[in-house]
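**Q** What follows is a predicted protein model with its sequence.
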Amino acid sequence: METITTETKLDRAGFVWRDGKEGVRALVCAPLEGDGFANAFSTRGGGVSLYPEGSLNLAGFDEDAAENIRENRRRFTYLLGTGWMLAACWQVHGSDVRVVREPSDAESESERCDALTSGLQGVLLGVKTADCVPVLLADARRGACAAVHAGWRGTLAE
């Protein structure tokens with residue numbers, strides 16, 4: 001698989017950079033956005049977390065202050081416009097999927113799973129990755145999407 005390293009290659013692959021306020025920058029999949037699915041792959045820049053300095057820590061752990069995480073998430077979701085709720089989960093390197101059926105379902109991150117799916121308007125599905133792969137899936141006909149934390153354990157699970 002070819003590594004995408006230039007703006008031209010990113011553009012040909014369907015990705016564009018989106019720059020927001022306060023130094024927040026994310027990679028957006030233009031075909032998904034064109035089908036009506038807001039999406040963004042974050043970078044570390046533009047946040048308020050102390051380590052690494054100015055980091056956009058969205059994960060909610062690593063001994064970062066809760067107010068830093070909330071502010072980082074506000075900055076990130078603002079990149080896509082206003083009014084978004086962010087649904088996330090406690091990732092376990094498994095194969096369970098959580099369905100977000102109601103806006104209130106987006107408020108809890110305690111459910112253990114590695115994929116989120118929903119057809120709700122105004123809800124962003126988020127997974128956290130380091131050396132695993134974030135996968136976004138969308139069905140424009142049904143208006144449904146999924147965000148998957150694809151690690152080797154979950155990929156091999158039955």
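**A** Received, thanks.

**Q** how about the residue nearest to the spatial centre of the chain, phi and psi?
**A** Note on the chain: the residue nearest the mean C-alpha position is G126, at 3.6 Å, using C-alpha atoms, centre = their mean. Per-residue torsions, G126: phi -130, psi 140 (degrees, to the nearest 10).

**Q** is it true that it touches W84?
**A** No: using C-beta atoms under 8 Å, G126 is not in contact with W84, being 10.2 Å away. For the C-beta atoms, the positions are set from N, CA and C on the backbone; glycine is no exception.

**Q** Longest helix in this structure, please.
**A** helix 66-78 (DSSP state H).

**Q** Show me the beta-bridge partners of V28.
**A** According to DSSP bridges, the residues that bridge with V28 are V16.

**Q** Wait, it touches D19, no?
**A** No: if you go by C-beta under 8 Å, V28 and D19 don't touch, sitting 10.6 Å apart.

**Q** Could you check which of those two has the larger neighbour count?
**A** Using other C-beta atoms under 10 Å, the more surrounded residue of V28 and D19 is V28, with 18 against 11.

**Q** what residues are up against that one?
**A** 15-18, 39-41 (C-beta atoms under 8 Å, 6 or more residues apart in numbering).

**Q** and if you look at L56?
**A** 24, 42-47, 49, 72, 75-76.

**Q** nearest residue to it other than its sequence neighbours?
**A** Spatial nearest neighbour of L56, chain neighbours left out: G47 (3.2 Å); criterion: C-beta to C-beta, 6 or more residues apart in numbering.

**Q** My guess is that neighbour contacts R74. True?
**A** No: between G47 and R74 there is no contact under C-beta under 8 Å: 10.4 Å.

**Q** Settle it for me: which of these two has more neighbours?
**A** Neighbour count, other C-beta under 10 Å: between G47 and R74, G47 has more, with 26 against 13.

**Q** That'll do, ta.
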